[in-house]
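Engineer: turn this into a structure:
(chains A and B)
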There are 2 protein chains.
Amino acid sequence: MSATPPEAADAAVPTSLEAVPTPALVVDLDVLDRNIGRMAAFAAQGGFALRPHAKTHRCPQIAERQLAAGAVGLTVATIGEAEVFAASGARDLFIAYPLWLDEDKRARVAALAANLPLSVGVDSAENAARLVGTGARVVIEIDSGHHRTGVAPGDAGALASAVRGLGLDVEGVFTFPGHGMARDADSGPGQVRRHAAQDQEKALAEAAESLRAKGIEPAVISGGSTPTAGLREDGVINELRPGVYVFNDAMQVALGSCTLEDVALSALATVVSVPGPDRFVLDAGSKTLGADGNAWAEGFGLVPGYPGAVIAQLSEHHAVVRLPAGARPPRHGDRVALVPNHVCNTVNLADELYVVQDGRPVHRWPVAARGANR
Amino acid sequence: MSATPPEAADAAVPTSLEAVPTPALVVDLDVLDRNIGRMAAFAAQGGFALRPHAKTHRCPQIAERQLAAGAVGLTVATIGEAEVFAASGARDLFIAYPLWLDEDKRARVAALAANLPLSVGVDSAENAARLVGTGARVVIEIDSGHHRTGVAPGDAGALASAVRGLGLDVEGVFTFPGHGMARDADSGPGQVRRHAAQDQEKALAEAAESLRAKGIEPAVISGGSTPTAGLREDGVINELRPGVYVFNDAMQVALGSCTLEDVALSALATVVSVPGPDRFVLDAGSKTLGADGNAWAEGFGLVPGYPGAVIAQLSEHHAVVRLPAGARPPRHGDRVALVPNHVCNTVNLADELYVVQDGRPVHRWPVAARGANR
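Structural biologist: A predicted model of the protein is given here:
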């Protein structure tokens, strides 16, 4: 995106992994690039536009790699994220969120839309009315089964028509099939992902028809998400918005949408206490990992170096790791890598990412949009 | 602490609560000061030294009010927090954490100890050995039933003796009775708090005796915590380290250690979507509230303005509030205050606190130690 190479923005890079202070978030550059390349290739082969959700990394250097690999633009969740990525060179942004614009936010959206193509999600005429005159285009949000925001698929055409009546451009429809990550007592994770993918296709197809019935041809028919991206059923979707895939996390491993080898980010921690043979304590707690549980697995993240170990207790600065019987505990000062449950929340806690290649630090990237929640 | 009044550090203060952008953390100054004053009075009446845990607020302006009300110093969890509070004028700090010092952290601890009285928690001779030569004093950590860090009470004397043998000053013993917040199927929250308070007293008394048996008189016998602070059994404890009490949160309300009227901090959010009569959606998600659950109550926080409402679903930028049957949903753009489950993690997500008095913004305080996890 930017004319400046990302290296120029790097703070001092430690000379070795041992010199990285803990707790720290460490990104394996080769795994990151492989994840970015794989999703880009999948989208290209399927004929999808790829618009990755940048909320996961909040990091311009990673957005730049996604765009260089062929992404058509970025998805963001907040105006603040849009501002950070616009300032670092993004040329096309979609705020996939039903913004409620007060005067200040209205001015910020207008300033963005004056400089690049900007779309905003809408699930009511009330939200849409506040966008009039900002220059932003609209994408109608559909509820495909996650029951968060979005209108019923069959109501999409009526809303699109009302939005157009306000003088706004309607680009199409989008949904987030977040129920593809929720625990279901009757189904395994693979089934849950498949069902969510099917729900998504069905809802978007019905919504697109609903627009056509009102004489509006949807240019964009946009779906999520890392767990469902690879599970396309038919040809209705023409845009994908996965986010987590750049890093992956313990939740995605549990869902089967990636393997442990595909996890690019870990929290590097130091053993500060070994109270007994059955447990040890690390200096990465909920202020480093995030407090997210994992609907599909025990504990607050994975401990790949200690098979069978569980992060049984998480305080703000303590991860208490329970070892299986017979396992050998580490020693004080040993370093242990943890895989967070939900990497989007983990990254948002950090000011920077330490990027390593072949085990050697090569970059130190700021999480420039950390905390950009407005 | 600082010679500069906190007002001087304020960024531009909005002219009204309506002008505070959402999502935002809002602190009621009168409730904050009442909480600070009440705990200070309790400590003074009981003859305790009060050393509040500043991890909860990470904010020098609040530390200043705690010290002005009579706190003897501050407790912190990390070297980074200690550096922020030392820079803003704190004169006596205790890092209640079994630090593992590499060369860089060792230099930072030594720099702090050169300028003010600094104590550090220790639960092994290995950790203690790394403190030699830094000028920091040592307080021995005891496990009183939380089973996180700390030695068994009866082993405290042996460790204290070993630490003294390394040439370090041993000030006394401390514990964190965190099991006073854990859910117990057989007991109500009041019983859990009482049992934890009893465990704490018993463990600290045994640990103090264990030191005395080695000829070491503990000057400091230090206990937590907001849920147990008011439940002293006998006279063994001479220092209290509560943190959450300045703000309180949904967890403390559920535990019965405060009432809703004692909650000083809320997350102010805007209604962005009203998908049906049974629910509405706010712009404060896990990146604003934190993802912490509440062991004692349903949902991701409290919604005091909507009796019976539950934050049923929390995404990064969405709180989905489920309304009880018959309740009237708010309208788009309405503002709703949420009480977080675990306020320490909430504050660590924000760059600043909007401080209000009589419903009018009066300060805007930076969370200066946000992210100071190392």
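
Engineer: now the lengthiest helix in chain A: mean pLDDT?
Structural biologist: With secondary structure taken from DSSP state H, chain A has its longest helix at helix A:189-212. Across helix A:189-212, the average pLDDT comes to 94.

Engineer: touching chain B at all, that helix?
Structural biologist: No. Using CB under 8 Å from any CB of the partner chain, helix A:189-212 never reaches chain B; the gap is at least 13.8 Å. All C-beta atoms are positioned from the backbone trio N, CA, C, and that covers glycine.

Engineer: and that helix, what does it pack onto?
Structural biologist: strand A:137-142, helix A:156-165, strand A:170-175, strand A:220-223, helix A:250-255 (3 or more CB pairs under 8 Å, 6 or more residues apart in numbering or on different chains; DSSP states H and E).

Engineer: turn these into CSV, including mean neighbour count, distance to chain B and mean pLDDT.
Structural biologist: CSV is the format used below for the helices and strands packed on helix A:189-212 (neighbours: other CB atoms under 10 Å in any protein chain shown; distance: least, CB to the nearest CB, whole Å; pLDDT from 0 to 100):
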stretch, mean neighbour count, distance to chain B, mean pLDDT
strand A:137-142, 27, 8, 98
helix A:156-165, 21, 12, 98
strand A:170-175, 28, 13, 98
strand A:220-223, 25, 17, 97
helix A:250-255, 24, 12, 96
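
Engineer: flag every buried residue along stretch A:336-345.
Structural biologist: Within stretch A:336-345, the residues that count as buried by 16 or more other CB atoms under 10 Å in any protein chain shown are A:336-345.

Engineer: cool, stretch A:55-73 as well?
Structural biologist: A:55-67, A:69, A:71, A:73.

Engineer: out of the residues you listed, which comes closest to chain B?
Structural biologist: residue A:55 (6.3 Å; CB to the nearest CB).

Engineer: Provide the secondary structure category for that closest one.
Structural biologist: Classification of residue A:55 using DSSP: H, G, I helix; E, B strand; the rest coil returns coil.

Engineer: tell me who's in contact with it.
Structural biologist: Neighbouring residues of residue A:55 by CB atoms under 8 Å, 6 or more residues apart in numbering or on different chains: A:75-77, A:81, A:243, A:344, B:316-317.

Engineer: ok, residue A:78 next?
Structural biologist: By CB under 8 Å, 6+ apart, the neighbours of residue A:78 are A:95, A:97, A:372-374, B:317.

Engineer: if we go to 6 Å?
Structural biologist: Residue A:78 is in contact with A:372-373, counting by CB atoms under 6 Å, 6 or more residues apart in numbering or on different chains.

Engineer: that one and residue B:183: what is the separation?
Structural biologist: 34 Å (CB to CB, to the nearest Å).

Engineer: with residue A:278 instead?
Structural biologist: For residue A:278 relative to residue B:183 (CB to CB), the value is 22 Å.

Engineer: higher neighbour count, these two?
Structural biologist: Neighbours per residue (other CB atoms under 10 Å in any protein chain shown) separate residue A:278 from residue B:183, with residue A:278 holding more: 14 against 11.

Engineer: name the nearest residue to that one, ignoring sequence neighbours.
Structural biologist: Once flanking residues are discounted, residue A:278 sits nearest to residue A:323: 5.6 Å by CB to CB, 6 or more residues apart in numbering or on different chains.

Engineer: quick check: the one you found touching residue A:311?
Structural biologist: No. The criterion here is CB atoms under 6 Å, and residue A:323 misses it with residue A:311 at 11.3 Å.

Engineer: the two: who's more crowded?
Structural biologist: A side-by-side neighbour count of residue A:323 and residue A:311, using other CB under 10 Å, places residue A:311 first with 25 against 21.

Engineer: can you pull the contacts of residue A:95?
Structural biologist: A:76, A:82, A:120 are the contacts of residue A:95 under CB under 6 Å, 6+ apart.

Engineer: sorry, back to before: what about the buried residues of stretch A:55-73, which are in helices?
Structural biologist: Those of the buried residues of stretch A:55-73 lying in helices (DSSP H): A:60-67.

Engineer: which bits of the stretch 51-200 of chain A sit near chain B?
Structural biologist: Contacts of the stretch 51-200 of chain A with chain B, taken as CB under 6 Å from any CB of the partner chain, map to A:77, A:98, A:100, A:123, A:126, A:148-149.

Engineer: just want the angle from the longest helix of chain A to helix A:156-165.
Structural biologist: Interaxial angle, helix A:189-212 versus helix A:156-165 (axes from the mean of the first three to the mean of the last three CA atoms, to 10 degrees): 50 degrees.

Engineer: chain B contacts on the stretch 201-350 of chain A?
Structural biologist: By CB under 6 Å from any CB, the residues of the stretch 201-350 of chain A that approach chain B are A:270, A:272-273, A:281, A:286-288, A:290-292, A:316-318, A:320, A:332-333, A:344-345, A:348.

Engineer: quick revisit: quick one: which of the contacts of residue A:55 has the most company?
Structural biologist: Going by other CB under 10 Å, residue A:75 tops the contacts of residue A:55 with 31 neighbours.

Engineer: A strand includes that one, no?
Structural biologist: Yes. Assessed with three-state DSSP, residue A:75 lies in a strand.

Engineer: so it bridges to which residues?
Structural biologist: residue A:53, residue A:94 (DSSP bridges).

Engineer: where do the helices of chain A begin and end?
Structural biologist: A:29-46, A:60-68, A:79-87, A:103-113, A:125-129, A:156-165, A:189-212, A:250-255, A:286-289, A:343-347.

Engineer: dump the ones you listed to TSV, plus distance to residue B:33.
Structural biologist: Shown next, in TSV, are the helices of chain A (distance: least, CB to CB, whole Å):
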stretch	distance to residue B:33
helix A:29-46	48
helix A:60-68	42
helix A:79-87	32
helix A:103-113	30
helix A:125-129	39
helix A:156-165	48
helix A:189-212	49
helix A:250-255	42
helix A:286-289	26
helix A:343-347	32
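
Engineer: which of these sits closest to residue B:210?
Structural biologist: Shortest distance between residue B:210 and the helices of chain A, using CB to CB, is found for helix A:286-289: 31.9 Å.

Engineer: how distant is the closest one from the center of its chain?
Structural biologist: Distance of helix A:286-289 from the chain centroid (CA atoms, centre = their mean, to the nearest Å) equals 17 Å.

Engineer: just stretch A:83-97 next, same as before
Structural biologist: 15 Å.

Engineer: can you give me the end-to-end distance of that stretch?
Structural biologist: 15 Å (CA to CA, to the nearest Å).

Engineer: now swap in stretch A:212-230 and tell me
Structural biologist: 27 Å.

Engineer: related to what we said a few turns ago, list the buried residues in the longest helix of chain A.
Structural biologist: Buried-residue list, helix A:189-212, by 16+ other CB under 10 Å: A:189, A:192-208, A:210-211.

Engineer: hang on, the earlier thing: and the two most separated of the residues of the stretch 51-200 of chain A next to chain B?
Structural biologist: Farthest pair in these, by CB to CB: A:77 and A:126, 19.6 Å.

Engineer: leaving out sequence neighbours, find the closest residue to residue A:79.
Structural biologist: Residue A:79 sits nearest to residue A:108 (CB to CB, 6+ apart), 5.0 Å away.

Engineer: how near is the one you found to residue B:267?
Structural biologist: Counting by CB to CB - residue A:108 and residue B:267 are separated by 21 Å.

Engineer: rewinding a little: which one of the contacts of residue A:55 sits closest to residue B:171?
Structural biologist: Among the contacts of residue A:55, and counting by CB to CB, the member closest to residue B:171 is residue A:344, at 41.9 Å.

Engineer: ok, the spatially closest residue to that closest one that is not a sequence neighbour - contacts?
Structural biologist: Nearest residue to residue A:344, sequence neighbours excluded (CB to CB, 6+ apart): residue A:56, at 4.8 Å. Residues counted as contacts of residue A:56 (CB under 6 Å, 6+ apart) are A:243-244, A:246, A:344.
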